[in-house]
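Undergrad: Model the structure of this input:
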Amino acid sequence: MINKQVAELAAALDGIEDGATVLLGGFGAVGQPDELIDALLEQGATGLTVVANNAGTGTRGLAGLIAAGRVRKIICSYPRSDDPRAFDAAYKAGRVELELTPQGTLSERMRCAAAGLGGFYSPIAVGTQLARDKEMREIDGKRYVLERPLRGDVALLKAQRADRWGNLTYRKSARNFNPVMAMAAELSVVQVKEMVELGAIDPECVHTPGIFIDRIVVV
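TA: Next comes the predicted model:
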């Protein structure tokens, strides 16, 4: 019987190693798996490369990982938030590397990884520092920069409900990066508010199919 639910947060994060690339769902606080991130802090993995929309706020979640010195590199679109104290301190001290990536490019790089593609050509970064050292190509008279796939060793996600097979639904805009990250990681772990019986989620309302989910924990 397929049942991807685990009993506790620690079990959900079992096996995450030092140096892993971790995809963190969420747009700011919306759809962000705070409890899983806090559990990752307790788990102890270090030297992490984190892929997220922003670089943490305040002292909890991703900001807590950064403040504890667990993050080696951040790939994100928006490192400055309302309260970026943890990132600011680490970046100015040279303890964390930053790779800026436009939001659409960030999402498409992960989608390419999920689809097994070798990347895509985008006009977005042409003529900026973001295109430095990247392959350039002219197509139909327009210049493009090659953006490579972005894969994760693990994705930490947040959804509203799941069944034991791992089919997910999200609450409104909390969907954001979560579905594409689920597809782009070797191990996808999701925290949910509610577990439901098989068949309770209308197939037309499944936002992430269970084939992309490995572990579920109720928070």
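Undergrad: Just give me the longest helix of the protein.
TA: Ranked by residue count and defined by DSSP state H, the top helix of the chain is helix 103-115.
Undergrad: and that one, what does it pack onto?
TA: Where contact means 3 or more Cβ pairs under 8 Å, 6 or more residues apart in numbering; DSSP states H and E, helix 103-115 is packed against strand 120-122, strand 142-147, helix 178-184. C-beta: built from backbone N, CA, C; applies to glycine.
Undergrad: Mind doing that once more with 6 Å?
TA: When contacts are defined as 3 or more Cβ pairs under 6 Å, 6 or more residues apart in numbering; DSSP states H and E, helix 103-115 sits against helix 178-184.
Undergrad: quick one: contacts of the helix it packs on?
TA: Residues outside helix 178-184 that contact it (Cβ atoms under 6 Å, 6 or more residues apart in numbering) are 23, 25, 31, 107, 110-111, 113-114, 151-152, 155, 157, 188, 207-208, 212.
Undergrad: Using CSV, list the CA coordinates for it.
TA: What follows is helix 178-184, C-alpha atoms only, in CSV (Å, rounded to 0.1, in the frame of the first residue of the first chain):
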residue,chain,number,x,y,z
ASN,A,178,5.8,24.9,-4.8
PRO,A,179,4.6,22.8,-7.8
VAL,A,180,7.6,23.4,-10.0
MET,A,181,10.0,22.8,-7.1
ALA,A,182,8.3,19.5,-6.4
MET,A,183,9.1,18.4,-9.9
ALA,A,184,12.7,19.6,-9.9
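Undergrad: about what we covered before: residue 124: which of the contacts of helix 178-184 is nearest?
TA: Distance to residue 124, by Cβ to Cβ, is smallest for residue 107 among these, at 12.0 Å.
Undergrad: Could you measure from the residue nearest to that closest one when sequence neighbours are not counted over to residue 13?
TA: Nearest residue to residue 107, sequence neighbours excluded (Cβ to Cβ, 6 or more residues apart in numbering): residue 180, at 5.6 Å. From residue 180 over to residue 13 the distance is 21 Å, taken as Cβ to Cβ, to the nearest Å.
Undergrad: circling back to that earlier point, pull the residues that contact the longest helix of the chain.
TA: 77, 119-120, 122, 124, 147, 149-151, 180, 183-184.
Undergrad: Report the mean confidence score over that helix.
TA: Mean per-residue pLDDT for helix 103-115: 97.
Undergrad: and it, which residues are buried?
TA: The neighbour-count check on helix 103-115 (16 or more other Cβ atoms under 10 Å) flags 105-114 as buried.
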